[in-house]
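Trainee: Below: sequence and its predicted model.
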Amino acid sequence: MATPTLTDGRVTIRPIRIRDARPLENELMGNRAWLRQWEATNPHGPAGFDVKASIRSLQAHARSGAGLPFIVEHDGEFAGQLNVSGIAYGSLSSATIGYWVAERFAGRGVTPTAVALATDHCFFGLGLHRMEICIRPENAPSLRVVQKLGFRYEGLRRRYIHINGDWRDHFCFALVVEEVPTGVLRRWKDGRALESAARIPDADLQAATRPLRF
């Protein structure tokens, strides 16, 4: 599957390339304190991280049709990554989005624009029906992204993904294509995205602060 290049204003998402390994590694190292608390980890123990091998794996997933790996740019400058993963067609027709941006780009509208561009491509370019984003309860910047875009809260997933050394709870948000007939980006820019759709019930907010009992 070809990963497209998509642009809105100063923000572009484009296919990841092997030559992105050096700037990607530099950003990951330079933003270590900013990103580490949200980094997926191996529950079976530490593993070395080979940036080029990671890029090749993402590209292989793209060729198989299972993913779309993007680099996020702001005014042509490397800003972060966005990956569409778990692409399924047929009766499910869904995918999941994950993303990060360097700390210096936070608050500039880069991430919501990138997420909106990718979601609109999946809905109207690939014909998918549902897009999902799962976010740790403590990740306020990412929670703000789904609020801005009007993603709908769907529930709390306990101990869902291994992050920063342990299994972490996540809040799940989603959109289906019927909710955004003019597209996610257009709805947001027109001021029609309902931030209230992403409201998390008090019961789930409280549950996420308590350890799961076994």
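Mentor: Structure received.
Trainee: can you count the residues close to G127?
Mentor: Under the neighbour criterion other CB atoms under 10 Å, G127 is assigned a count of 10. Any C-beta I mention is one placed from the backbone N, CA and C, and that applies to glycine too.
Trainee: Can you check the pLDDT for it?
Mentor: Here, the pLDDT recorded for G127 equals 97.
Trainee: please begin residue numbering at 28 from this point
Mentor: New numbering, starting at 28: the last item is G154.
Trainee: contacting residues for the nearest residue to it once chain neighbours are set aside?
Mentor: Closest residue in space to G154, ignoring its immediate chain neighbours: S120 at 7.0 Å, by CB to CB, 6 or more residues apart in numbering. S120 makes contact with 154-157, according to CB atoms under 8 Å, 6 or more residues apart in numbering.
Trainee: are any of those buried, and which?
Mentor: Neighbour counting with 16 or more other CB atoms under 10 Å marks 155-157 as buried within those.
Trainee: part of a strand, is G182?
Mentor: Yes - G182 forms part of a strand when assessed by DSSP: H, G, I helix; E, B strand; the rest coil.
Trainee: Dead centre of this protein: give me the residue that sits there.
Mentor: Among the residues of the chain, the one closest to the centroid is G125, at 2.2 Å (CA atoms, centre = their mean).
Trainee: Does it belong to a helix, a strand or coil?
Mentor: In three-state terms, and counting by three-state DSSP, G125 is strand.
Trainee: need the next SSE after the lowest-mean-pLDDT helix or strand in the chain, C-terminal direction.
Mentor: For the chain, the helix or strand with the lowest mean confidence is helix 59-62, at a mean of 72 (criterion: mean pLDDT, DSSP states H and E). Past helix 59-62, heading to the C-terminal end, the next element that is a helix or strand (DSSP states H and E) is helix 78-91.
Trainee: average pLDDT for the following helix or strand past that next one?
Mentor: Past helix 78-91, further along toward the C-terminus, the next helix or strand under DSSP H and E is strand 95-101. Regarding strand 95-101, the rounded mean pLDDT is 97.
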